[in-house]
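1. model this:
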Amino acid sequence: MKNPSPSFASADVAPRDFAASTLLSLVVFAAITPLLLLVAPAVAAQLAVQLGLSASQIGTYFFVELGAFSCATLPSLLWLGRVDARSVAAIATAVFCAGNFATALWMPGFAGLLALRTITALGGGTLMVLCMTSAATSANRDRVYGLWVVGQLIAGAVGLFLLPHVFDGYGLRALYVVLGVLGLCAAPLVRGFDPALGRAQRVGHTGGQASGSNAQGAALNAVFVICGVLTFYVAIGGVWTFASKAAALAGFDAAHTGEVLAVASVMGIVGAGCASLIGGRVARLAMLLAGYAILAVALAGLATRPGTSGYMAAVFAFKFAWTFVLPFILAAAAKHDRSGRLVASLNFVIGAGLAAGPLIAGVLLDAGATLASLFAGAAAICVLSCLCLMRVERA
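-> Prediction:
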């Protein structure tokens, strides 16, 4: 078989104004497929109450969900650009729906549950790869990735609000039934994906010497993209995991902490919405700098061990900046991606960062580090992420 083009080969990508159906497809699937992870706090509580799972078992459950969801990236590097994307989306949707319905129907023991969730998450992760790669082909990537984030945030907020009531009436099975039904309702939207998604589209022509030089530059850009995205998610994952602990130190009780973090989630929706509205109208480099600056200031504020008012201001700014800058980060990455494989790989990178961030933060805290040092360290990591993405955007 003929060797494929290098995953990160350099070429100008021909962006396009894709149809509204494509935008709808990627926003809807991107909101549905990771929904279980977006409502993890509510699901974790129900797993403990209904199935009697221990803390380590609950942690294993979400590790398997997130790991399988992220690892769907690996096979995508083989089929992306070679297989009709609509066919892949249809198969992945069928796997996602069947896995959720099977989980609801059987509710097997812990080992069986993990096996079913692994298969289901692989289907959902494949659909997420298609969503991210589709967004990268847009002429206005900033705006599309902004909508991509907004859809997830709204789905998570609605889920966290409704699930406790659903669980009270119908138990854990209802969640998997809802996920399966949502997947079935979204199934017709697979036609919105471009069948040729991931196939290289060059603008112009370059000679062999230039191509070799461009390939080296593209490989270096890919390294900076991966480092920038990974460090970004390591930082915010560790901070957000222990945001409630910081709230307790600031003087909030458990009930008020939940309320403050819920409002912070709304600020996240506002941040992504602003990114979507601004996208394409202001230089992306300026937006990256602005988003990272707000993020660094928010983390510095948290590191000072503020009182209740200071904590609210800092955590609201943190959540706003997180979701505001993310679409611009992904758009900067997509700018240099010829084959779609770099953007597809970010699904795995994001999962790795989200898994590593809380783990590293927890180990540091157990080793005697303070929350102030944790937040200060996260601010330093965000600066490193910013430098990587600035290098990519200016390349």
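2. what's next to stretch 59-68, contact-wise?
-> Residues outside stretch 59-68 that contact it (CB atoms under 8 Å, 6 or more residues apart in numbering): 36-37, 40, 44, 47, 53, 113-114, 117-122, 125, 351, 354-355. C-beta here means a position set from N, CA and C on the backbone, and glycine is covered the same way.
3. Those in strands, which ones?
-> Within the contacts of stretch 59-68, no residue falls in strands by DSSP state E.
4. Between the two ends of stretch 295-314, how far is it?
-> 9 Å (CA to CA, to the nearest Å).
5. what packs against the helix or strand of the chain with the lowest mean pLDDT?
-> The helix or strand of the chain with the poorest confidence is helix 208-241; it has a mean of 82 (mean pLDDT, DSSP states H and E). If contacts are counted by 3 or more CB pairs under 8 Å, 6 or more residues apart in numbering; DSSP states H and E, helix 208-241 sits against helix 284-303, helix 308-334, helix 341-366, helix 371-394.
6. That one: what's the following helix or strand?
-> Downstream of helix 208-241, the next assigned helix or strand under DSSP states H and E is helix 243-250.
7. Please spell out which residues along that next one are buried.
-> By 16 or more other CB atoms under 10 Å, the buried positions in helix 243-250 come out as A243, S244, A246, A247, A250.
8. How far does that helix sit from its chain's centre?
-> Here helix 243-250 is found 25 Å from its chain centre; the criterion is CA atoms, centre = their mean, to the nearest Å.
9. Tell me how far stretch 129-141 lies from the chain's centre.
-> Distance, stretch centre to chain centre, for stretch 129-141: 14 Å (CA atoms, centre = their mean).
10. Check the separation of the first and last residues in it.
-> Using CA to CA, one end of stretch 129-141 lies 15 Å from the other.
11. Contact partners for the closest residue to L288 other than its chain neighbours?
-> Closest residue in space to L288, ignoring its immediate chain neighbours: F328 at 5.1 Å, by CB to CB, 6 or more residues apart in numbering. By CB under 8 Å, 6+ apart, F328 lies in contact with D142, Y145, A275, G279, R284, M287, L288, G291.
12. Tell me the pLDDT of F328.
-> Note for F328: predicted pLDDT of 94.
13. before we move on, what about M107?
-> For M107, the predicted pLDDT is 88.
14. That one contacts R173, doesn't it?
-> Yes - the criterion here is CB atoms under 8 Å, and M107 meets it with R173 at 6.4 Å.
15. circling back: out of the helices and strands packed on helix 208-241, the one nearest F29 is which?
-> F29 sits nearest to helix 341-366 of all those, at 12.7 Å, using CB to CB.
16. give the contact list for L24.
-> L189, G192.
17. looking at it, P358 is touching T241, isn't it?
-> Yes - applying CB under 8 Å, one finds P358 in contact with T241, separated by 4.0 Å.
18. now the stretch 1-150 of the chain, which segments are flagged as low pLDDT?
-> Scanning the stretch 1-150 of the chain for pLDDT under 70 picks out the ranges 1-18.
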